[in-house]
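K.L.:
need coordinates for the following:
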Amino acid sequence: MATPTVQRHYWIFSADPHHYHWDTLFVKGKEMWDGAAAKPDAIRALKQARRGDRVLCYHSAPERALYSIAEITRDPYPDPHNHKGKNLVADLRAFEKLPRHVTLAELRANPALRKMKLLKNVRVLISSISDVEYQEILRMAGIVATPGIPLP
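P.N.:
Residues are numbered from 1 along each chain as shown. Reported below is the predicted structural model:
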């Protein structure tokens with residue numbers, strides 16, 4: 001009997017670069033990310049994330065661009081700094097900076113990405129994206145597939 005394979009999911013996590021710059025994650029290597037705060041939509045989305053999922057890190061205004069790739073290293077859990085227990089956090093590991101930032105304008109101009117939640121509401125903090133959208137964004141950032149080697 002074959003064991004089921006766990007499918008990796010892909011996300012965009014948004015952060016205000018004045019409040020949390022994604023470079024912080026690369027300096028520390030691994031960090032507890034609390035960007036969902038008390039936003040119900042973000043918490044609902046974060047509940048779906050799992051260890052091993054990939055995250056495209058997005059800087060909101062004024063940059064409005066995808067910046068890097070991270071990996072979720074632990075399933076989301078209650079924020080240890082929030083005593084009410086309503087907020088969730090996730091541990092992220094820095095994976096790779098994008099060779100080229102992909103701006104919001106570029107995302108909007110790409111017909112293959114027109115259904116992305118981020119493009120319908122740029123204020124969303126966490127949104128899921130499909131495997132096809134993830135691959136297209138990596139292509140736009142300058143990361144191209146090598147035969148036999150999976151993309152990050």
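K.L.:
do you have the helices of the chain handy? List them.
P.N.:
23-28, 40-46, 104-109, 117-120, 131-141 (DSSP state H).
K.L.:
for residue 8, which of those is the nearest?
P.N.:
Nearest to residue 8 among those is helix 131-141; the distance by Cβ to Cβ comes to 8.1 Å. Every residue, glycine included, has its C-beta placed from N, CA and C.
K.L.:
tell me which residues in the closest one are buried?
P.N.:
133-138, 140-141 (16 or more other Cβ atoms under 10 Å).
K.L.:
then stretch 101-113?
P.N.:
101-102, 104, 106-107, 110, 113.
K.L.:
what about the longest strand in this protein?
P.N.:
strand 88-103 (DSSP state E).
K.L.:
packing partners for it?
P.N.:
helix 23-28, strand 30-33, helix 40-46, strand 65-78, helix 131-141 (3 or more Cβ pairs under 8 Å, 6 or more residues apart in numbering; DSSP states H and E).
K.L.:
ok, and for the first one, which residues are buried?
P.N.:
Residues of helix 23-28 classed as buried: 25-26 (neighbour count, 16+ other Cβ under 10 Å).
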